[in-house]
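K.L.:
with the sequence up front, the predicted model follows.
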Amino acid sequence: MARAVNIRQLLTMRFPRIPLEGRWRELLGQPQLKGSVLIWGDSAQGKTSFALQFAKELSKYEPVLYDSLEEGISESIRAACVREGMIEAGNRVLLLDNEPIAELAERLAKPKSRNVVVIDSLQYTGMTFESYKELLEQFPKKLFVFISHADGKEPAGRIASQVKFNANIKIRVSGFTAYAISRYGGGTPYTISPELAARINPE
């Protein structure tokens, strides 16, 4: 049976937060280190660049696992990492080469495993909404960042739509700008690449 708390106990509880600063805090607030984030957008709109920038920022606070399910360890992901200066993150961002979700869960169950996990992309996981919820329940003190394809302005497919409904933070990437709805505040758009954003979205 789940533990029950009274209001006084609730008000004295402490919840670990990621102390984001600057424009990251303006976009997302200061999220808890738990639950899920969903990032979606069409191709060539800055989705991968944003995901890598986000992983790099999160790695300042917690080591990050980046499971490259869609591209694997490839020339394209290497080029993206070079473009986004991921070398600065050093070993605080660890790339996985097409690691299936079952194997990823085994890795995360080990002592001292990383608490921030980026999964690229949701459509390549083979997950159902039930298995998604089970993953979050199995690791309640980890933050999962899922990247999704888009269908217009919405995430593509049923599982992505369900994850969007459940996620603590929802981020749509369009025109090299990220737009977020977060349970932790924020909401100011984040320009991923000012030069490209200005070219796509001229004033």
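P.N.:
Noted; the coordinates are in hand.
K.L.:
CA only for contacts and neighbour counts going forward, please
P.N.:
OK.
K.L.:
and the helix ranked longest in the chain, how far out from the chain middle?
P.N.:
Scanning the chain for the helix with the most residues, using DSSP state H, yields helix 47-58. Centroid separation between helix 47-58 and its chain, computed with CA atoms, centre = their mean, to the nearest Å, is 8 Å.
K.L.:
what bridges to the most centrally placed residue in the chain?
P.N.:
Most central in the chain under CA atoms, centre = their mean is residue 145, positioned 2.4 Å from the mean C-alpha point. Beta-bridge partners recorded for residue 145 (DSSP bridges): residue 37, residue 118.
K.L.:
pLDDT wise, what is it at?
P.N.:
For residue 145, the pLDDT comes out at 98.
K.L.:
strands of this structure, start to end?
P.N.:
35-40, 64-68, 93-97, 116-120, 143-148, 150-151, 154-155, 169-174, 177-182, 190-191 (DSSP state E).
K.L.:
of those strands, which approaches residue 23 most closely?
P.N.:
Nearest to residue 23, of all the strands of the chain, is strand 190-191, at 6.9 Å by CA to CA.
K.L.:
now do that closest one: everything it contacts.
P.N.:
23, 24, 27, 176, 177, 178, 179, 197 (CA atoms under 8 Å, 6 or more residues apart in numbering).
K.L.:
tell me how far it is from the chain's mean position?
P.N.:
The answer for strand 190-191 is 16 Å, by CA atoms, centre = their mean.
K.L.:
stretch 71-87 now?
P.N.:
The answer for stretch 71-87 is 17 Å, by CA atoms, centre = their mean.
K.L.:
name the helix or strand of the protein that has the lowest mean pLDDT.
P.N.:
helix 194-200 (a mean of 58; mean pLDDT, DSSP states H and E).
K.L.:
just give me the neighbour total for residue 58.
P.N.:
20 (other CA atoms under 10 Å).
K.L.:
surely it meets residue 65?
P.N.:
No. Using CA atoms under 8 Å, residue 58 makes no contact with residue 65, being 10.6 Å away.
K.L.:
overlap in contacts of those two?
P.N.:
With CA under 8 Å, 6+ apart, residue 58 and residue 65 have common neighbours residue 116.
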